[in-house]
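Trainee: Here is the input, now give the coordinates:
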Amino acid sequence: MIQSIFRDEKHNFEWLDVTSPSSDDYQVLTEKYDLHPAAVKDCLSPNHLPKYERMGETAFLITRIYDENSKKEADTIQQLTNKIALFVSEEYLITIHRKEESFITGVIKKWQNPEKLESNTPSYLLNQLLNKILHTYDGAMERAAEGLDTQETRIFNDTKNSSQLIREMYIVKRRASVFKRMIFLTKETMEKYARFSDVQDPFTQDLLDTVESLHFVADELHENVNNLLNLHISLTAHRTNEIMSLLTIFSIAFLVPTLIAGLYGMNFNNMPELQSSNGYFIALTSIIVMVLGSLIGLSIWFKRKGLL
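Mentor: I've put the predicted structure just below:
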């Protein structure tokens, strides 16, 4: 569906918003606005990453926004983001997307009353849209950071669900990687557009500052996930060492009883203790005393050495 949102007769400029375009819609846009067929073909594919291309007097931008309806376990670019394509020239701005997006609806409502805007120039409109595209990642990264705080607490307190915790942190890491990559590519796209289009207005500089800040946040989120994963691995290794220390105590405590059992299991004829009526009980009592004594002694020694 092609919808004319805003038309400025003074600047001879029009904003068209296209939702769920059909092949006929693409054909109309290509013929009416003389769009490059290769760029229109890119609009048809849902898998393109952010990029900028200059085709004559028209700039073609592909951006990706965070999908608010993505599933909790989503961790790929296609699952987490939706594509927004933009054709920009001095005479028009065309936004193309496959479904209704809340941030575009919000911008449309503002531009239906242009007298209330800080500026109503085409460059300001584009900056408004790009700014909203960037900030779709805000909530997702904030929720991921809050989830990391919860997982950090669980690392120290919940030792029974270790595999589930690792899986959850891995998903967060994958999501953080997607956010970091998308914002970085969007940053490159915007810098190219500003450079090759010779856009010098203050709105563009604010936009570049915003994308730089968001990229820093995404990078920090990714680094924090890696740190938590490394912390979890270190704690798991520490717990394993503690278990091995306990097993070592028990194995050492049973060395002497094993020697006694082996000694009296050799079946020599001349073993006086075997003829004693109390020999079995004496040997059994000796083994128990040695085991308990060894456990107590080794526990005290391990504690003094800081191994327990």
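Trainee: how about the helices in the stretch 51-200 of the chain?
Mentor: Using DSSP state H, counting those that start in this stretch, the helices found in the stretch 51-200 of the chain span residues 77-80, 102-111, 122-157, 162-196.
Trainee: Helix 162-196 and whichever helix or strand comes after the last one, what's the angle between them?
Mentor: Next helix or strand after helix 162-196 toward the C-terminus (DSSP states H and E): helix 202-253. Between the axes of helix 202-253 and helix 162-196, defined by axes from the mean of the first three to the mean of the last three Cα atoms, to 10 degrees, the angle is 160 degrees.
Trainee: Now do the domain split for the protein, please.
Mentor: Following the assignment in automatic domain parsing, the chain carries domains at 2-237, 254-304.
Trainee: Now mean neighbour count and distance to Thr248 too, for the ones you listed, in JSON lines please.
Mentor: C-beta coordinates here come from the backbone N, C-alpha and C atoms, glycine included. As requested, those are exported to JSON lines (neighbours: other Cβ atoms under 10 Å; distance: least, Cβ to Cβ, whole Å):
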{"stretch": "domain 2-237", "mean neighbour count": "16", "distance to Thr248": "16"}
{"stretch": "domain 254-304", "mean neighbour count": "12", "distance to Thr248": "8"}
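Trainee: would JSON lines of these with distance to Leu247 and mean pLDDT be doable?
Mentor: As requested, these are arranged in JSON lines below (distance: least, Cβ to Cβ, whole Å; pLDDT from 0 to 100):
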{"stretch": "domain 2-237", "distance to Leu247": "15", "mean pLDDT": "82"}
{"stretch": "domain 254-304", "distance to Leu247": "11", "mean pLDDT": "76"}
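Trainee: and of the helices of the stretch 51-200 of the chain, who's closest to Ser20?
Mentor: Distances from Ser20 to each of those were compared by Cβ to Cβ, and the smallest falls on helix 102-111, at 12.8 Å.
Trainee: Which strands and helices lie in contact with that closest one?
Mentor: strand 2-8, strand 13-19, helix 122-157 (3 or more Cβ pairs under 8 Å, 6 or more residues apart in numbering; DSSP states H and E).
Trainee: out of the ones you listed, which comes closest to Gln164?
Mentor: Distances from Gln164 to each of these were compared using Cβ to Cβ; the shortest belongs to helix 122-157, at 9.4 Å.
Trainee: re the thing from before, can I get the helices and strands packed on helix 102-111 in TSV including distance to Leu259?
Mentor: Conversion of the helices and strands packed on helix 102-111 to TSV gives the following (distance: least, Cβ to Cβ, whole Å):
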stretch	distance to Leu259
strand 2-8	90
strand 13-19	83
helix 122-157	42
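Trainee: for these, which one sits closest to Asn241?
Mentor: Asn241 lies closest to helix 122-157 among the helices and strands packed on helix 102-111, at 16.6 Å (Cβ to Cβ).
Trainee: Quick one: list the elements packing against that closest one.
Mentor: In terms of contacts (3+ Cβ pairs under 8 Å, 6+ apart), helix 122-157 is packed against strand 58-66, strand 81-88, strand 92-97, helix 102-111, helix 162-196, helix 202-253.
Trainee: 7 Å - rerun?
Mentor: Helix 122-157 sits against strand 58-66, strand 92-97, helix 102-111, helix 162-196, helix 202-253, with contacts defined as 3 or more Cβ pairs under 7 Å, 6 or more residues apart in numbering; DSSP states H and E.
Trainee: Looking at these, spot the one closest to Leu49.
Mentor: Counting by Cβ to Cβ, Leu49 lies closest to helix 162-196 out of the helices and strands packed on helix 122-157; the figure is 5.5 Å.
Trainee: Run the angle between that closest one and helix 122-157 for me.
Mentor: Helix 162-196 and helix 122-157 meet at an angle of 160 degrees, taking the same axes, to 10 degrees as the criterion.
Trainee: follow-up on the earlier one: take the helices of the stretch 51-200 of the chain and write them to TSV, including distance to Gly262.
Mentor: What follows is the helices of the stretch 51-200 of the chain, written out as TSV (distance: least, Cβ to Cβ, whole Å):
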stretch	distance to Gly262
helix 77-80	62
helix 102-111	78
helix 122-157	44
helix 162-196	39
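Trainee: wait, which of those is closest to Ile65?
Mentor: The closest approach between Ile65 and any of the helices of the stretch 51-200 of the chain, judged by Cβ to Cβ, belongs to helix 122-157 at 4.3 Å.
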